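Sequence plus predicted model, see below.
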Amino acid sequence: MTTIRDVARVAGVSPATVSRVVNGLIGYSAETQRRVEAAIATLNYEPDTLARGLKTKQTAVIGVLAPVVSDALASEIMSGVEAAARLRGHSVMLGRTGPASTFAASYLRTLRTYRAAGVILISAAVTPEMRRALGSSIPLMSVAIRDGRRFPSIAIDDEVAAYDGTRHLIALGHRRIGLLAGDPESVLVNTVRKRGYLRAMSEAGLAPVMEHGNSLYDSAPPALARLMAQDAQLTAVFALSDEMGAAVVNELQRQGRRVPDDISVLGFDNTRTSLHVHPALSTIAQPLERMGELAVEKLLAVGESSGGVTPRILPHRLIERGSTAPVARSARHERPEPPAPPAPAA
């Protein structure tokens, strides 16, 4: 059985240094980290997590709670969480929570019993009830949602991202831009993104047109119908999740409209869903996997220190694909007024 001393010998470092790398602590160079990780991979080393838990009174388990949000978004964050946790010898326990806070509290009490190393919430705010259920000694943070005044988080600036997306459509010449927003009760994400859209539209002197879905695929077609009922001549739709954006593309094509020739569609998140429609969805990209990796790194670091987890804002970027085009193409569905009937003969 491979031991930590075997890894240290192959990497040319001390067992203590291997332990620090595995646990995501500080005090070593990037080159040392590379050698240790290479030795771990070569020797197929698996840390003795049970022994570590008995010694530190903390198990090598990281809890992740994913409420009802986009499965694609949660999956990509989880990829980052699992990769970073595995590298550091930790396992991941995933809980799917519904809208009722009692589900989350139940999972958190279980993780408290397991003495988890930390807990990550995906697109959910840390509440006082959650903090009480988990206890004060286990680090807790949110990913893909932020409110730095109240809880630690890793996210993008959602308002600026939505502003940039709207400005991109305006730069393409669009003036009738509809917003397909998410859950109106999502104050820390949906409301903030709407604010970015409204600011961009106001600065351009344009009238906003908005409807709500719930960020999931099935909510988009009826919300799109309500949006088009407000303005049948929209030349662009900005959907605040890729799942809704993909549904909009499919629904418009089902109606015989061409994307982007008749109407442009912009999504949000840059999940794999954005590539599963034709044309592929232009979108605002969040670094989802990196968010998951950073969450693990920060939780394990704070578990070894007396400090707290501070908020972190990561950059977003616009990815242009085939679903958006200049308005000259997107306005082709606008038909001229029919000619007036001929005057009656004298």
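Received it, and whenever you're ready, just let me know what you need.

ok, which stretches of the chain are strands?
61-66, 91-96, 118-122, 140-143, 153-155, 177-181, 209-212, 236-239, 264-269, 282-285, 312-313, 317-319 (DSSP state E).

got those strands as JSON lines, with distance to residue 42, mean pLDDT and mean neighbour count columns?
For every residue, glycine as well, the C-beta is placed using N, CA and C. Below are these laid out as JSON lines (distance: least, C-beta to C-beta, whole Å; pLDDT from 0 to 100; neighbours: other C-beta atoms under 10 Å):
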{"stretch": "strand 61-66", "distance to residue 42": "25", "mean pLDDT": "91", "mean neighbour count": "24"}
{"stretch": "strand 91-96", "distance to residue 42": "22", "mean pLDDT": "87", "mean neighbour count": "16"}
{"stretch": "strand 118-122", "distance to residue 42": "29", "mean pLDDT": "92", "mean neighbour count": "27"}
{"stretch": "strand 140-143", "distance to residue 42": "32", "mean pLDDT": "90", "mean neighbour count": "26"}
{"stretch": "strand 153-155", "distance to residue 42": "31", "mean pLDDT": "93", "mean neighbour count": "25"}
{"stretch": "strand 177-181", "distance to residue 42": "49", "mean pLDDT": "97", "mean neighbour count": "26"}
{"stretch": "strand 209-212", "distance to residue 42": "52", "mean pLDDT": "97", "mean neighbour count": "19"}
{"stretch": "strand 236-239", "distance to residue 42": "46", "mean pLDDT": "98", "mean neighbour count": "30"}
{"stretch": "strand 264-269", "distance to residue 42": "36", "mean pLDDT": "97", "mean neighbour count": "30"}
{"stretch": "strand 282-285", "distance to residue 42": "34", "mean pLDDT": "98", "mean neighbour count": "25"}
{"stretch": "strand 312-313", "distance to residue 42": "33", "mean pLDDT": "91", "mean neighbour count": "15"}
{"stretch": "strand 317-319", "distance to residue 42": "36", "mean pLDDT": "98", "mean neighbour count": "15"}
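
Let me have these in TSV, extended by distance to residue 39.
Shown next, in TSV, are these (distance: least, C-beta to C-beta, whole Å):
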stretch	distance to residue 39
strand 61-66	23
strand 91-96	21
strand 118-122	26
strand 140-143	30
strand 153-155	29
strand 177-181	49
strand 209-212	52
strand 236-239	46
strand 264-269	36
strand 282-285	34
strand 312-313	30
strand 317-319	35
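
Next, count neighbours for residue 127.
15 (other C-beta atoms under 10 Å).

hang on, I meant residue 275
14.

Equivalent analysis for residue 327, please.
Around residue 327 there are 19 residues (other C-beta under 10 Å).

Check the gap between it and residue 249 for me.
With distances taken as C-beta to C-beta, to the nearest Å, residue 327 is found 18 Å from residue 249.

Check residue 36 too.
46 Å.

Also residue 152?
36 Å.

of these two, who's got more company?
Higher neighbour count among residue 152 and residue 249: residue 249, with 28 against 21, using other C-beta under 10 Å.

dump the residue contacts of that one.
259, 265, 277-279, 281, 323 (C-beta atoms under 8 Å, 6 or more residues apart in numbering).

And those residues, which two are furthest apart?
265 and 278 (11.9 Å; C-beta to C-beta).

Would you reformat the contacts of residue 249 as JSON lines and include distance to residue 134?
Shown next, in JSON lines, are those (distance: C-beta to C-beta, whole Å):
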{"residue": "259", "distance to residue 134": "45"}
{"residue": "265", "distance to residue 134": "40"}
{"residue": "277", "distance to residue 134": "39"}
{"residue": "278", "distance to residue 134": "44"}
{"residue": "279", "distance to residue 134": "44"}
{"residue": "281", "distance to residue 134": "37"}
{"residue": "323", "distance to residue 134": "41"}
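
Just the buried residues out of those residues, in PyMOL syntax.
Restricted to buried positions by 16 or more other C-beta atoms under 10 Å, the PyMOL selection for the contacts of residue 249 reads:
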select buried, resi 259+265+277+279+281+323
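
now, which of the contacts of residue 249 sits nearest residue 236?
The nearest one, if we look at the contacts of residue 249 relative to residue 236 and count by C-beta to C-beta, is residue 265, at 7.3 Å.

And the closest one, how close does it get to residue 21?
45 Å.

Repeat that for residue 290.
19 Å.

So for the two, which sits in the more crowded spot?
More crowded of residue 290 and residue 21, by other C-beta under 10 Å: residue 21, with 24 against 15.

Setting aside sequence neighbours, what's the nearest residue to the more buried one?
Leaving aside its chain neighbours, residue 21 sits nearest to residue 36 (4.3 Å; criterion: C-beta to C-beta, 6 or more residues apart in numbering).
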